[in-house]
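> This is a predicted model, with the sequence first.
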Amino acid sequence: MGSTAVFYDPIYLEHDTGYGHPERAERLEAAMGMLRETGLVDRVAVLSPRDATVEEINLVHPLGYIEMVRKTAESGGGWLDADTHVSPRSYEAALRSTGALLDGLERIFSGELENAFCLVRPPGHHATAGRAMGFCLFNNNAVAARFAMREFGITRVFILDWDAHHGNGIQDIFYEDEKVLYVSLHQYPHYPGSGSSGETGSGKGKGYTVNFPLPARSGEDVYLAAFDEVIMPIAEQYQPELVLISAGYDGHFSDLLCSMLLRGRSYAEMTRRLKDLAERHCEGKMLAALEGGYNLDGIAVSIADTIAVMAGEDVMVEEDLGGRALPESSGRGMEVVEATRRALSSFWKL
């Protein structure tokens, strides 16, 4: 059985989003600090990844778009949309961000690793094939899925996206593709506005997109109900050959941009279910890539708890709530879980 690795490189800190931007280098520094504080850094391999090639990025993104990102960076940077900034070294960081996933997959499929966490930036899940948006330049998990299909001949990739913003880019890229089962749990209505329960795929991909548009203040009880009542039954029927996680941590109760009520242990519980699924169906082949999460303490604790579960280490970080109890989880979240179950019940046994 392989081990767990964390992919990280200092080039990620060189992607400069500008003063006051929530997607900032300190996010990764806080996470690495927590891995050192908990001792996890000594129990997993910390690896510097290779770059993705232009040809590999082109599995998802047109060459003209890739070239536009490169030229924007090399000319000094600029804004690609209202939220998404490119600095002089952003193109290099983006190649190594996507490259971490591909490096991880190569090592996982060779048997060197069982699973991996890619502590990367810029993130990816909002980027469509031809458009940067929502802090994302290249769609890391979408490229990883296509790469795994091409290099390892697999035909069933399961992408679970627990970022509190809907991964519109991943959904758009695979909406008509039965080779990818995409599941998203996200705050709704919220940026980018997509991801209703009725968005279930089209053509050959009908039934392979699963959305949970959850109300603000949804907590761990709602997320785990979604897993146990809908996500895991569908995933068991799908029998994935690879599990990918779009691991955003803006659902943490402390987050600056969202209004959900998860904590570090919530991500640990979701990770545990996904790890068990991967062990049952694909010899543990699982890879997680960082997406959002903007409170430094929240992201540090949650990433550490996720990696601890992936590595089989009993290291859960106790969170200090300052003597306060978390607010009550919105009961309306359970109604969304049921609505999603109904929307998918004609495609899967639920």
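That came in fine, so what should we check first?
> what is the most centrally placed residue in the chain paired to in the beta sheet?
The centre of the chain sits closest to Ser246, judged by CA atoms, centre = their mean, with a distance of 1.1 Å. Taking DSSP bridges, one obtains Asp161, Ala289 as the residues bridged to Ser246.
> Am I right that it is in contact with Gln171?
No. The criterion here is CB atoms under 8 Å, and Ser246 misses it with Gln171 at 10.8 Å. Bear in mind the C-beta positions are built from the backbone N, C-alpha and C, glycine included.
> where do the contact lists of these two overlap?
Residues touching both Ser246 and Gln171 by CB atoms under 8 Å, 6 or more residues apart in numbering: Ser184.
> on that earlier part again, what residues does the residue nearest to the centre of the chain make contact with?
Contacts of Ser246 by CB under 8 Å, 6+ apart are 124-125, 141, 159-163, 167, 170, 184, 289, 291.
> Read off the pLDDT value for Met1.
What the model reports for Met1 is a pLDDT of 44.
> Oh, that last question was meant for Gly322, not what I typed.
71.
> quick check, it in a helix?
No. Read with DSSP: H, G, I helix; E, B strand; the rest coil, Gly322 is coil and lies in no helix.
> Could you report the distance from the residue nearest to the centre of the chain to Met270?
12 Å (CB to CB, to the nearest Å).
> Check Glu74 too.
39 Å.
> Which one's more surrounded, those two?
Met270 (25 against 13; other CB atoms under 10 Å).
> ok, that one - contacts?
By CB under 8 Å, 6+ apart, the neighbours of Met270 are 160, 162, 223-224, 227.
> Where does it fall, secondary structure wise?
For Met270, the host element (DSSP states H and E) is helix 264-281.
> Name the residues of that helix that are buried.
264-271, 273-275, 277-279, 281 (16 or more other CB atoms under 10 Å).
> At which residues are the strands of the stretch 1-150 of the chain located?
3-7, 45-47, 78-79, 85-86, 113-118 (DSSP state E, counting those that start in this stretch).
> Run the chain-centre distance for the third one.
Offset of strand 78-79 from its chain centre (CA atoms, centre = their mean, to the nearest Å): 24 Å.
> List the neighbouring strands of it plus their orientation.
strand 85-86 (antiparallel).
> Not counting its own residues, what contacts the partner strand?
So strand 85-86 is in contact with 16-18, 21, 69, 72-73, 77-80, 132, 137, going by CB under 8 Å, 6+ apart.
> These, buried ones only, as a PyMOL selection?
Typed into PyMOL, the line below selects the buried ones among the contacts of strand 85-86, using 16+ other CB under 10 Å:
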select buried, resi 16+17+69+72+73+77+80+132+137
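> Go through the contacts of strand 85-86 and flag which are in helices.
Those of those mapping onto helices are 69, 72-73, per DSSP state H.
> Neighbours of the closest residue to Leu63 other than its chain neighbours, how many?
Leaving out its chain neighbours, the residue that sits closest to Leu63 by CB to CB, 6 or more residues apart in numbering is Val54, at 7.2 Å. By the criterion of other CB under 10 Å, Val54 has 13 neighbours.
> what's the answer for Gly130, then?
Neighbour tally, Gly130, other CB under 10 Å: 12.
> Am I right that it is in contact with Val60?
No. The pair Gly130 and Val60 does not pass the contact test of CB under 8 Å, sitting 9.8 Å apart.
> And the strands in the stretch 151-300 of the chain?
Using DSSP E, counting those that start in this stretch, the strands found in the stretch 151-300 of the chain span residues 157-161, 180-187, 209-214, 242-247, 286-290.
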